[in-house]
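A.B. asks: Fold the following and give me the result.
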Amino acid sequence: MTARVQAATAGLLVPPVHDLGDGAVTRVRARLKSGIIDAIGGPPPGAPLEVGVPLLRRARYRPELLGLADEPFAWKPAFVRRSLGLEVVRACASGRFRGPLAAVGPVADHAVESWRRTGWRTFHWEPWLAGLGAGARSVVLAEAVAWVTPVWSTFDWTALRDVVDLGGPDDRWACPGVSVHLKGRVEARVRRHGARPSLLSVASGCPGNGWRDELAFLALIGALAVPDRPVASRVVGLWPESGFRLAVEVDEAALSGAVDRVVDAVAMCADVRTAGPVPVLA
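C.D. replies: Just a heads-up that it's a prediction; the model follows:
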């Protein structure tokens, strides 16, 4: 194992740097609620507003896209790579395969065979993948391998196997009084005995100058969605396409920064819904 992998793995396991003061989550929740209500200025027109990291990034870096309607959902390789890739990590960490390239085909085949036998769609994409021809299927597997290989090679997953929860449902929180829902998704939660857990987020592209707030947002939503669960002490972000691995230590200031980012994004979305799309600058 290289020193780089050891350092990355230690980043998920070392004890917290900051304590989270008594009442911090309560104060942050109150600031978030009042900030969203003030920003929205009443019930938002149209469907409920869902705020996640993609929306935070769009509002900061590409505000001209806020007014565009979402495309109708249709399966494509990019929508499969995360869930298939995480299952590949599980399979490799358990010792069933030496690496992602050897694992991805058998893991995908097993998912499809299980769906055909039981009718249960563990990943939801099983019927779509089962209907693809050999060429299209190879594109899906290649996309998953490209996603999971840097994730697999960055950390010592065999050392994390007994303390990590991969994937899982998204964290969700609805702001009382308005139709604004917050959603957070992480790739892994690492448990530490007697200490707050750490989170891993895998993102595409490269980190912008708001990456700290984006990572802290994931800890914030986790704390709001499951109040009895310990608040994450650290969120590690991995941007495989650009080779970045960064981390934010979670204290009240970090959570407050995430609150400000959410409120700003909600205010921009409310303005767009009221006045129309933000004009594209030449």
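
A.B. asks: If we go by neighbour counts, what in stretch 112-120 is buried?
C.D. replies: Of the residues in stretch 112-120, 112, 115 count as buried by neighbour count, 16 or more other C-beta atoms under 10 Å. (C-beta placed from N, C-alpha, C; glycine too.)

A.B. asks: swap in stretch 223-232?
C.D. replies: Neighbour counts over stretch 223-232 (16+ other C-beta under 10 Å) mark 223, 224, 225, 231, 232 as buried.

A.B. asks: And for it, what's in contact with it?
C.D. replies: Taking contacts as C-beta atoms under 8 Å, 6 or more residues apart in numbering, the residues outside stretch 223-232 that touch it are 20, 24-25, 28-29, 32, 171-173, 182, 184, 189, 196-199, 218-219, 222, 250, 255.

A.B. asks: Next, the distance between the ends of it.
C.D. replies: Its first and final residues considered, stretch 223-232 spans 8 Å by C-alpha to C-alpha, to the nearest Å.

A.B. asks: if we can go back for a sec, can you convert the buried residues of stretch 223-232 into JSON lines and add a column each for secondary structure and pLDDT?
C.D. replies: Shown next, in JSON lines, are those (DSSP: H, G, I helix; E, B strand; the rest coil; pLDDT from 0 to 100):
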{"residue": "223", "secondary structure": "helix", "pLDDT": "95"}
{"residue": "224", "secondary structure": "helix", "pLDDT": "96"}
{"residue": "225", "secondary structure": "helix", "pLDDT": "96"}
{"residue": "231", "secondary structure": "coil", "pLDDT": "94"}
{"residue": "232", "secondary structure": "coil", "pLDDT": "95"}
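
A.B. asks: nearest to residue 204, of the residues you listed?
C.D. replies: Set against residue 204, the nearest of those by C-beta to C-beta is residue 232 (21.7 Å).

A.B. asks: Just give me the neighbour total for residue 61.
C.D. replies: 12 (other C-beta atoms under 10 Å).

A.B. asks: Now do residue 54 against residue 154, distance only.
C.D. replies: According to C-beta to C-beta, to the nearest Å, residue 54 stands 22 Å off from residue 154.

A.B. asks: How about residue 110?
C.D. replies: 25 Å.

A.B. asks: Between those two, point out the one with more neighbours.
C.D. replies: Each of residue 110 and residue 154 has its neighbours counted (other C-beta under 10 Å); residue 154 has more, 20 against 13.

A.B. asks: Neighbours of the residue lying closest to the more buried one once chain neighbours are set aside, how many?
C.D. replies: Spatial nearest neighbour of residue 154, excluding adjacent residues (C-beta to C-beta, 6 or more residues apart in numbering): residue 8 at 5.1 Å. Using other C-beta under 10 Å, residue 8 is surrounded by 19 other residues.
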